[in-house]
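1. Predicted model and sequence follow; I will ask about them next.
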Amino acid sequence: MWQLAKAWIAVGTQSFGGGASTLFVIRRLIVERRRWVSPREFTEDYAFSQLSPGIHLVALAGLLGRRIAGRRGVAISVAGMMLPAGAITAVMTAAYATIADEPLARAAVAGIAPATGGMTIALALVMVRDVRRRGRAAFVDAAVVAAAFAILSLTDLSSILVIVGFAAGGTLLLRGGHPTSREGGTT
């Protein structure tokens, strides 16, 4: 449990820059360094966390904590990530309020958007690579990625509707298959 707590405290103190950078830090630590979950399991938990209300990364921490260490893992993971992140955010917000009108501060904030956009694209490519499959399922994956991107880019549809719709479609198209998390990662 102590190793799990240390891992999530590291996430909570190192994940600056928003959702994509936090997701990248979580993936690197939990999947690549610790190897507590496979890339496929991580991506499945991330996809499932998108259905939760509120902060999806908190839901992801809970799902991964449960997968790694059961019920206690949920509490340790969520607290380990949120307590240091909340404290750092409160201090940084108070400090930023004093320098927000400075030209250098505005320039720094303007530079953050392209960096986080690049991290989001890179993370998406890594996650797509991790869930690639062969045969008919690969075609379904590619079609879903393209269709979801198009729908979310070109319409005002709610992301939750898109996720639920594609979950229903996946149920119809891929029924009878084995749960992917039991396949041991990428196939």
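-> Great, that's in hand. These numbers come from a predicted model, not from an experiment.
2. Just want the most central residue of the chain.
-> The chain has Leu23 as the residue nearest its centroid, 4.2 Å off, counting by C-alpha atoms, centre = their mean.
3. From Ile88, how far out is that one?
-> 18 Å (C-beta to C-beta, to the nearest Å). Placement of C-beta: from N, CA and C, glycine included.
4. returning to that earlier point: could you find the closest non-adjacent residue to the residue nearest to the centre of the chain?
-> Spatial nearest neighbour of Leu23, excluding adjacent residues (C-beta to C-beta, 6 or more residues apart in numbering): Leu123 at 5.9 Å.
5. Tell me who's in contact with that neighbour.
-> 20, 23-24, 27 (C-beta atoms under 8 Å, 6 or more residues apart in numbering).
6. Can you flag the buried ones in those?
-> Among those, those buried by neighbour count (16 or more other C-beta atoms under 10 Å) are 20, 23-24, 27.
7. what is the mean pLDDT for the lengthiest helix in the chain?
-> Using DSSP state H, we find that the single longest helix of the chain is helix 56-99. Averaging pLDDT along helix 56-99 gives 94.
8. contacting residues around Val58?
-> Contacts of Val58 by C-beta under 8 Å, 6+ apart are 52, 78, 81-82.
9. which of those residues lies closest to Ser153?
-> Nearest to Ser153 out of the contacts of Val58 is Ser52 (C-beta to C-beta; 23.2 Å).
10. Surely the closest one touches Ala61?
-> No - the criterion here is C-beta atoms under 8 Å, and Ser52 misses it with Ala61 at 11.0 Å.
11. higher neighbour count, those two?
-> Neighbour totals were compared for Ser52 and Ala61, and Ala61 leads with 28 against 15 (other C-beta atoms under 10 Å).
12. I appreciate the help and will end here.
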